[in-house]
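Trainee: Sharing a model prediction with you, sequence too.
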Amino acid sequence: MENIRCQPSSLTRPDGSATFYEGDTTVVAAVYGPTEVKLSKEQIDKATVEVTFKPKQGLPGCAEKAKESMIRSTCESALLCMLHPRTAVNIVLQEMQDSGSLLSCCINAACQALMNAGVSMRFVVAAVSCVLDSEDQIVLFPELKQEQDAKAKMTFVFASNSNNVVLATSSGIISPKLFQKCLITSQEAGTKTFELYRDWLSKQN
Amino acid sequence: MAAQFKRIQLDAYYSKYLQRGRRPDGRALDAFRKTILNVGSIRTADGSALVRLGNTTVVCGVKAELAAPRPDAPTKGYVVPNVELPAMCGPDFRPGPPAELAQVTSQLMLDVVRHSGCVSEERLCVADGELVWVLYCDVVCLAYDGNLADACVVALLAALTNTRLPAVTLDDETKRERVDADVRVPLDVLSYPVATSFAVVDERVLLADPNAEEESLATAVVTVVTLESGQLCIVHKPGGSPIALEEMERCIELSLARAKQIRQLEKETRLSLER
């Protein structure tokens, strides 16, 4: 938890931006919105959330699309989209460095950028990365080597109002009991992350 | 009267049913649609399967090709799954580049193959560093009525179990492969992952095996892939409205029960084919 840092307003042009660090993993998020939306994507009752994830190298492929889809669904449930019908909220994420726990870093960066932009949210989210290593030990916010050697990799996102699970992805063979244990451990880490958010906000003001 | 109400206010129409613990199509909240499985119907493919999950119809064909291995894995073959949602499968799909749902489902299939260990990549190797089997698994949706992930995973695993590879030998002197198409060896499928999906409607109610209508109302979708050992392979809740930890536990329990049914179905289908 000591390695989690955030630099809000790191960019000058977007409505909101944040650079989020989880250890060496760095992601820069920029938020433009609520802003004009393309007619084909317009929704009459709520804002359309669009996420673009740019990997550090190479062209975006299927894996990047899947990441964008997950981040979009998370932000859609967190934002009060009904307050801004027929608009768009654009979130752009740039991977600066991937040393493990990339998805959780992206989601946390997106959340911080949305808060920085002042877009109304139902709740804020905290993403926690978790792996089960070869000795069945739970490791939170793993580094790249720990992630590659792990038996199972998980990312969980929790909502600040209810502590319920907004996002859960797990890959790798794991027993349901151990999975529940990882979920509960991650939930506790999520609660600590929310306290960190409050600390940062109070320091800013 | 009911038809107009359904058209104008689908969510209120559904609420009235869900309050009584039933869905408009008559199913209980944790009930699955009728599943039909048919294997080996495509003669030109090395393995094939057709799955009907309610009205969702999906066909998977496996083509095995010989190729040079990837430079970073010289002793492993590989599996390339691809999901297609052609324009004929439903009114929401247009011809053109793959829809997001197709790409996301393709990625899910790749994760299932990779993490379940259902096909041993080492066993797909013919000659280290020179020749490996590549299994192209094309899953085409013929009719879309919700729950694409479950149907695709059943079709993929059934097609892989049905796959028979021709015997290959690599001539050491000429370095050319000799394929004997008449001798067929069944592909070794080491584990049988099964996917089960749930939709969260109204931010509280969990519906198993959602159809297209229920998916349009869903505020979140959860997919759980389980193995015969009772262990989890993949848990996938890509955002959406938050659910409590107990709900997550319930999804896992229902998935394990459902997976047993699907494996039983696959076994019966395979045995009836051999008879």
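Mentor: Nice, thanks for sending it over.
Trainee: tell me, how many neighbours does the nearest residue to residue B:206 once chain neighbours are set aside end up with?
Mentor: Among residues not flanking residue B:206 along the chain, residue B:198 sits closest, at 5.3 Å (CB to CB, 6 or more residues apart in numbering or on different chains). All C-beta atoms are positioned from the backbone trio N, CA, C, and that covers glycine. With neighbours defined by other CB atoms under 10 Å in any protein chain shown, the count for residue B:198 comes to 27.
Trainee: From what I see, residue B:198 and residue B:215 are in contact.
Mentor: No: using CB atoms under 8 Å, residue B:198 is not in contact with residue B:215, being 10.8 Å away.
Trainee: Between those two, which contacts overlap?
Mentor: Listed as contacting both residue B:198 and residue B:215 by CB atoms under 8 Å, 6 or more residues apart in numbering or on different chains are residue B:221.
Trainee: Secondary structure element for the residue in chain A that chain B sits nearest to, which one?
Mentor: Residue nearest to chain B within chain A: residue A:73 (2.5 Å; CB to the nearest CB). If you go by DSSP states H and E, residue A:73 is part of helix A:62-78.
Trainee: can you tell me the average pLDDT over that helix?
Mentor: The pLDDT scores in helix A:62-78 average 90.
Trainee: Just list what that helix packs against, helices and strands only.
Mentor: On a contact count with 3 or more CB pairs under 8 Å, 6 or more residues apart in numbering or on different chains; DSSP states H and E, helix A:62-78 meets strand A:48-54, strand A:88-97, helix A:102-117, strand A:152-159, strand A:165-174, helix B:100-116, strand B:218-226.
Trainee: how about a cut-off of 6 Å?
Mentor: strand A:48-54, helix A:102-117, strand A:165-174, helix B:100-116 (3 or more CB pairs under 6 Å, 6 or more residues apart in numbering or on different chains; DSSP states H and E).
Trainee: for chain B, which spans come out with low pLDDT?
Mentor: B:175, B:275 (pLDDT under 70).
Trainee: And the residue nearest the centre of it?
Mentor: residue B:153 (1.5 Å; CA atoms, centre = their mean).
Trainee: Let me know the angle separating the helix or strand where that residue lies from helix B:100-116.
Mentor: Here residue B:153 sits within helix B:148-162, counting by DSSP H and E. With axes from the mean of the first three to the mean of the last three CA atoms, to 10 degrees as the basis, helix B:148-162 and helix B:100-116 are set at 50 degrees to each other.
Trainee: tell me the angle of helix B:148-162 relative to strand B:218-226?
Mentor: Using the same axes, to 10 degrees: helix B:148-162 against strand B:218-226 is 20 degrees.
Trainee: Helix B:148-162 vs chain A: in contact?
Mentor: No: using CB under 6 Å from any CB of the partner chain, helix B:148-162 stays clear of chain A, coming no nearer than 12.4 Å.
Trainee: Show me the contact partners of that helix.
Mentor: B:37, B:39-40, B:47-49, B:51, B:53, B:56, B:58, B:60, B:62, B:83, B:105, B:108-109, B:112, B:137, B:139, B:189, B:192, B:195, B:197, B:223, B:262, B:266 (CB atoms under 6 Å, 6 or more residues apart in numbering or on different chains).
Trainee: Which ones among those map onto helices?
Mentor: Assigned to helices by DSSP state H, the following of those qualify: B:105, B:108, B:109, B:112, B:262, B:266.
Trainee: Going by distance to residue A:9, which of these wins?
Mentor: Lowest distance from residue A:9 to those (CB to CB) belongs to residue B:108, with 36.6 Å.
Trainee: With adjacent residues omitted, what lies nearest to that closest one?
Mentor: residue B:149 (5.9 Å).
Trainee: what's the burial count for the one you found?
Mentor: 22.
Trainee: Repeat that for residue B:129.
Mentor: Neighbourhood size, residue B:129 [other CB under 10 Å]: 11.
Trainee: surely it meets residue B:75?
Mentor: No: assessed by CB atoms under 6 Å, residue B:129 is found out of contact with residue B:75, at 7.2 Å.
Trainee: Give the full set of residues in contact with residue 74.
Mentor: No chain was given, so I picked chain A. By CB under 6 Å, 6+ apart, the neighbours of residue A:74 are A:107, A:157, A:166, A:167, B:239.
Trainee: I was thinking of chain B, sorry if that wasn't clear
Mentor: residue B:129 are the contacts of residue B:74 under CB under 6 Å, 6+ apart.
Trainee: I'd assumed it was in a helix, is it?
Mentor: No: membership of residue B:74 in a helix is not supported by DSSP: H, G, I helix; E, B strand; the rest coil, which gives coil.
Trainee: so how far is residue B:68 from it?
Mentor: Applying CB to CB, to the nearest Å, the value for residue B:74 to residue B:68 is 9 Å.
Trainee: and if you look at residue A:35?
Mentor: Where residue B:68 is concerned, residue A:35 sits at a distance of 48 Å (CB to CB).
Trainee: Tell me the buried residues in the longest helix seen in chain A?
Mentor: Identified as the longest helix of chain A according to DSSP H is helix A:176-204. Across helix A:176-204, burial judged by 16 or more other CB atoms under 10 Å in any protein chain shown covers A:176, A:178-179, A:181-183, A:185-187, A:189-190, A:193-194, A:197, A:200.
Trainee: who does it touch, helix- and strand-wise?
Mentor: So helix A:176-204, by 3+ CB pairs under 6 Å, 6+ apart, packs with strand A:125-132, strand A:138-140, strand A:152-159.
Trainee: Close to chain B: what parts of chain A are there?
Mentor: Counting by CB under 6 Å from any CB, chain A sits next to chain B at A:62, A:65-66, A:69-70, A:73-74, A:77, A:159, A:162, A:164-176, A:179.
Trainee: Which residue ranges of the stretch 101-250 of chain B form strands?
Mentor: B:125-127, B:131-143, B:164-170, B:177-186, B:194-201, B:205-208, B:218-226, B:232-237 (DSSP state E, counting those that start in this stretch).
Trainee: Serialize those to JSON lines and add fields for distance to residue A:116.
Mentor: Below are these laid out as JSON lines (distance: least, CB to CB, whole Å):
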{"stretch": "strand B:125-127", "distance to residue A:116": "51"}
{"stretch": "strand B:131-143", "distance to residue A:116": "41"}
{"stretch": "strand B:164-170", "distance to residue A:116": "55"}
{"stretch": "strand B:177-186", "distance to residue A:116": "57"}
{"stretch": "strand B:194-201", "distance to residue A:116": "30"}
{"stretch": "strand B:205-208", "distance to residue A:116": "35"}
{"stretch": "strand B:218-226", "distance to residue A:116": "26"}
{"stretch": "strand B:232-237", "distance to residue A:116": "27"}
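Trainee: Quick check: which of those is nearest to residue B:4?
Mentor: Using CB to CB and comparing the strands of the stretch 101-250 of chain B, the one that lies nearest residue B:4 is strand B:194-201, at 21.2 Å.
Trainee: What pairs with that closest one, parallel or antiparallel?
Mentor: Next to strand B:194-201 in the sheet, as set by DSSP bridges, lie strand B:205-208 (antiparallel), strand B:218-226 (antiparallel).
Trainee: How many neighbouring residues does residue 163 have?
Mentor: Looking at chain A here, since you left the chain open. 17.
Trainee: Chain B is the one I meant
Mentor: Residue B:163, neighbours per other CB under 10 Å, totals 27.
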